[in-house]
Every structure is written in C-alpha cells, then in structure tokens.
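Asks: sequence? don't have it. structure:
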C-alpha cells in the first residue's frame, strides 16, 4: 500500500517479478483490493498470495510513531511476515522513516549493530565507491562509524564483487590526528579492525575512486549525497545551455544518454537496503512504477542469494573478537 | 618570503600593485634580498619599502607552533606591522596555518568572535552563495555558527554587493527540529539574531542559489569545498572524453573557456580573508605569480576601502545587544 501508485503499480510489479525472477510474492494489504488488482494482472497463475493488512501509513502522518502503535498497517504486517520466516525479504515504496521504524520494531537490529544505516555510490564516475552512512544517523560515536565500515565492506564484497574492499574515513586531511573528535577517535578503531583500512580521504578524493567504502556520519553523508543529486543537475542544465550554441545538429540529443548518466546516482541492491536491521528490508522510490518495483524485488532476491545478512553477522563477530583480543 | 616563488614573484607582484592600484607596500623579509629584487623591478620610483625580517617559516615545519615562538619570521613581522597601525592589511602566500597562527598571535580576535573562519563560493553556478566556515573549525558550538553567519553576511553585503543577504543553516531537512545537536541548537539562535535568516537548506539546494550565506561547521564545509574542487574536475575530464567523439572540429577548444569556468572556484576578496581576526589578513595561493599577488593586494585594498572590519564589529555589537534583550 506504499508509494505514489499503490496498489496498482505495486501489484503489477510484484506479478512481473514473479514471472521473471523465480520469486514467490506475499502482498501485505487489504486482501479484497489486492485480489482485484491481481485478477487485473492475471496473477492467479503465479506464486503470488496475499496477507491481510487493513490499515496503511498515510504520507502525511508521523510515520515512525504510527508504525509503533499500529501493528495492523501493511508495512508492519510485511515486517512481521519476515520475522515469522514466511518471507525472506521485504520491499516497500512507503515513507523511508516508516520502513526503518517498522524494521526496528518487528525485526530488530543485528546483535552488535546499534544504528541502521543507508549506503550508496555518489556518481556515475565512481560506481565502486560506497558512502556510508548516507543519512540515518546524525550524531555518531566511533563505534557506529566502525559498524558503517563493516556494513560498507560487505556491500562492496557481496553486491559490487570487490574481493578485498578498501575502507577510508572521510576527513579534512590525510594525517591521523586531523578532523573533529569523532573521526580522530574512529581512526584507531578502524585501524585495529582488520578491515582493509587505508586511512583518511578528503573531499576532493571522494569521486576519484580512492576507496571502495568511505565512512562518515549521516549528517555529512546526507549533505554530500543530496549535494550530488542537486549539483550534477545544475551542471547538466549549465552544460545543455552551453551546448545549445554549437551548430552541430543533434549534438544535444546525441549527448542526452551521457547527460542522463551524469545526473543519475548509481543504484544497486546495496543502495536500497536498510543496513543493520536483522532482516532484509529494501526501500523502493515512492514514484516507482511496476518495472522499478519488479527490479527492486530482484535486488532483494540477490541480497538473499548472496547471504548478505549472514556474511555481515560473521564479519561482525570476527571483528569484535579481534578488537577484544 | 612565503609561497613557491618567493621572493622574486612576490616582490614583482608588490611592485605591480604599487603601480596599478594606488597602494603603498611594506615588504617584510631580509632587507638585502628585498632590495635586490626591488632593484630588478625598478621599484625605487614607487611607494614600496622594506621592513627587516631575517627568518621565515619553512614549508615543512609545524607552522602554527613556530609562528608563536619565532617573532622574527617574515609573517610575524608583517602581522606586527599591521598591529602597529603602519599597515592596514597583510597578504601572504605562506602556509595558511602560519598565517592564521600569526594573525591570532599578533592581531588577536575581534571581541565577541571566538574562532577565525574562511568563507567562499563553491562553484561558477552559484557565485552569490557563500559557504562559511570552509575548514578552520572542526568542532563547533552554536555561538560559533552564529558568528560565521554574521561574517558571511558582511562578506555578502560588502564584497558581493548584496543589500540584505539571506542566511541559511546547512541541514539534512527543512524542519527546525532536523539535524544533529549542533544545528538544532543553532537554529533558534540564528532566528533571534536579526539576520535575514531563512531557515535550513539541504545539500541539493547549495548550488541553487537559495541563500547568500550558508552556515556550517568547518568539518562539513571543508569536505564540501574540496568535494567541489575534485568533483568538477572529474566532470570536466569525463565531459572532454565524451565530447572527443563528436566530429565537430574545434568543439573542445571552443568549449574550453566554459570548461575552465566549470572547474574554477569563484574567488573574491572575501574568499581569501581570514575572517574574525582583528586586522585584515589575506591568504594568497602558494603557487601564485606576480599578477595574482598584485590581484590579492588589490583585494586587500578593497576590504580596507569597504571598511569590512568596522562593519563586522558594528553588526556584531548590534546582534549581541539584540540577543541580550
């Protein structure tokens, strides 16, 4: 029931995924409505079933709170389905805050991880560099940055196929003693972790591919992430203006694919996952149509197939024992 | 004696400035060396004189400390010349840390400002948006952010000719209660300040010109500032690669001016000033040649002529009395 085009595009996307990706779908929502939508999409021939959830989160309500108090909403029911082991992953186009809140409430955190986080690549130019956290945690402790580094490493290993991902700390200078208290204290923790820690990277090195995982608190990460969204759009607009002046017919249209890639943030299964939650939870953009919904379901399947959760838990255990000794 | 091409290009630039900009120059350095350089540039016909400083800061020494303990260095002598009222401003191509340290030691801070700061515009697209602080202060209190806002306002008013500059707080959401503790606590202080405070801006709005002054701590500011330096270079390189494929002779060379402007950070008198110091101190890029040195001297003159220091002090006094009442 989440997203701008729910339930029709969500159900359509689920049917598409069941057709294409060898997955079994459970739809959480009002069963009558779901059944009607399923019939429209000729869904009865496929492994798609419904689970009753009469309520849903409205876009304008304080979603974190309502998730806690309303276990009958579609997003709560979906999370409970995962907790019960009936589903291996959940995807939702509802508000991110509601998704995080319902994951926290019904799935809980992985033992040893205190804060959920979001990671992602910032630009077409640097698809193998993941920034973590991109915006969930604004006031962090060094231990949180360590767990972001661990989650980022698993992201790079499992979902970007990088064997021994390099990890760096986002800072304002190369030396260990640079930066604010948080990063100064995080440095030695990362150094002792056994991760492939290469030290600090500065702002100008983020897009240069110097590290596969760049660790920062969610305040800095959110600002950078949004800066890229906004910044490259400004460059794109400026560029189109400049190129208009050139008398080569079709120049702009021939460049349009490149220009689109300039303003697209690279997306992957890892960039939609709510990291740190003890269950697989993927967010879908609220404006998604059926094909994007199906894509995200395929990404959730990839996360399950790659055993991202299991890998994260064992990496975490190994690092914690290393730090204790 | 500071910078990659000292003393020859510095002296040459000073002579150039004395010729072009109706300024009187005092050179701080070994008088013999200065005199030789002056003679080479036919400087005796101009209002350029020397003041003895036998030592200077080496590039590889911990400059902050050495400035404190070595009052005979050229940068210390220059600062003392300003303190004594013999000079109205100082410019230096030496290490920024040495410039800040000597300013703190010999000029001190303006009463009511606890931390020096650096401000600047981030991109060609947003020349009227100043980010402050760009990197001096890594762990800040709300009062520091207030003083950055005041300094940024004077920057915009006096040096960008903006009558009533808008001030915004860099944050991860639009609402007052968003963000980390620092920005949450800074919000109400800015609201009560009497500055033209328009609330929060997010990362994607930085280059959109939404505010004339964007306030942040120096950790975030430094990362963003360097990200722009590095990021636009990556875009430039990527773009040149794409454009090479097009069979329009001269396309790249005809775009080269635009591409250069893409990767240039807008510079102004305000972006070279060490803000908050009780005296006018401008940094020159270490790799500057004579024309750039002369430019910076002209900018220092502008800062003097516009009474930036006096305006800052009276704005500060007025805001402090407003906050008390």
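Replies: Nice, I can see it. It should be emphasised that the depicted structure is a prediction, and the values quoted were computed from it without experimental measurement.
Asks: and residue A:289, backbone torsions?
Replies: Backbone torsions for residue A:289, taken as degrees, to the nearest 10, come to phi -100, psi 180.
Asks: quick one: least confident helix or strand in chain A?
Replies: The weakest-scoring helix or strand in chain A, judged by mean pLDDT, DSSP states H and E, is helix A:63-69 (a mean of 69).
Asks: following that helix, which helix or strand shows up next?
Replies: Sequence order places helix A:74-83 as the next helix or strand after helix A:63-69, per DSSP states H and E.
Asks: which element follows that following helix toward the C-terminus?
Replies: Downstream of helix A:74-83 (by DSSP H and E), the next one is strand A:89-92.
Asks: Now the closest residue to chain B within the stretch 1-150 of chain A: phi and psi?
Replies: Residue nearest to chain B within the stretch 1-150 of chain A: residue A:138 (4.1 Å; C-beta to the nearest C-beta). C-beta: built from backbone N, CA, C; applies to glycine. Here is the backbone geometry of residue A:138 (degrees, to the nearest 10): phi -90, psi -30.
Asks: So which residues on the stretch 51-200 of chain A come close to chain B?
Replies: A:123-126, A:135, A:138-139, A:170, A:172, A:179-181, A:183 (C-beta under 8 Å from any C-beta of the partner chain).
Asks: ok, now with 6 Å
Replies: Contact residues, the stretch 51-200 of chain A versus chain B (C-beta under 6 Å from any C-beta of the partner chain): A:125, A:138, A:139, A:172, A:179, A:180, A:181.
Asks: Tell me the one among those nearest to residue A:112.
Replies: residue A:139 (19.8 Å; C-beta to C-beta).
Asks: ok, that closest one - contacts?
Replies: B:180, B:181 (C-beta atoms under 6 Å, 6 or more residues apart in numbering or on different chains).
Asks: can you map out the helices along chain A?
Replies: A:8-20, A:31-40, A:63-69, A:74-83, A:96-106, A:142-154, A:181-192, A:218-244, A:251-263, A:269-272, A:290-305, A:308-324 (DSSP state H).
Asks: Quick check: end-to-end length of stretch A:265-284?
Replies: 14 Å (C-alpha to C-alpha, to the nearest Å).
Asks: for the record, mean pLDDT for that stretch?
Replies: Mean pLDDT, computed over stretch A:265-284, is 93.
Asks: Report pLDDT for the residue located most distally from the centre of chain A.
Replies: The C-alpha centroid of chain A is most remote from residue A:247, which lies 42.5 Å away (C-alpha atoms, centre = their mean). Predicted confidence (pLDDT) for residue A:247: 70.
Asks: What of residue A:300?
Replies: 97.
Asks: ok, residue A:185 touching residue A:142?
Replies: Yes. Between residue A:185 and residue A:142 there is a contact under C-beta atoms under 6 Å: 4.4 Å.
Asks: Point to the residue nearest the middle of chain A.
Replies: Central residue of chain A (C-alpha atoms, centre = their mean): residue A:272, at 2.4 Å.
Asks: Could you double-check that that residue sits in contact with residue A:284?
Replies: No. The pair residue A:272 / residue A:284 is not scored as a contact, 7.1 Å apart, by C-beta under 6 Å.
Asks: so where is the stretch 51-200 of chain A shaky, pLDDT-wise?
Replies: Applying pLDDT under 70 to the stretch 51-200 of chain A picks out residues A:63-64, A:67, A:69.
Asks: give the contact list for residue A:82.
Replies: By C-beta under 6 Å, 6+ apart, residue A:82 lies in contact with A:90, A:279.
Asks: before we move on, what about residue A:204?
Replies: B:226, B:229, B:230.
Asks: Can you give me the pLDDT of it?
Replies: Note for residue A:204: predicted pLDDT of 92.
Asks: Grab the nearest non-local neighbour of it.
Replies: Spatially, and ignoring its direct neighbours in sequence, residue A:204 is nearest to residue B:230 (2.9 Å; C-beta to C-beta, 6 or more residues apart in numbering or on different chains).
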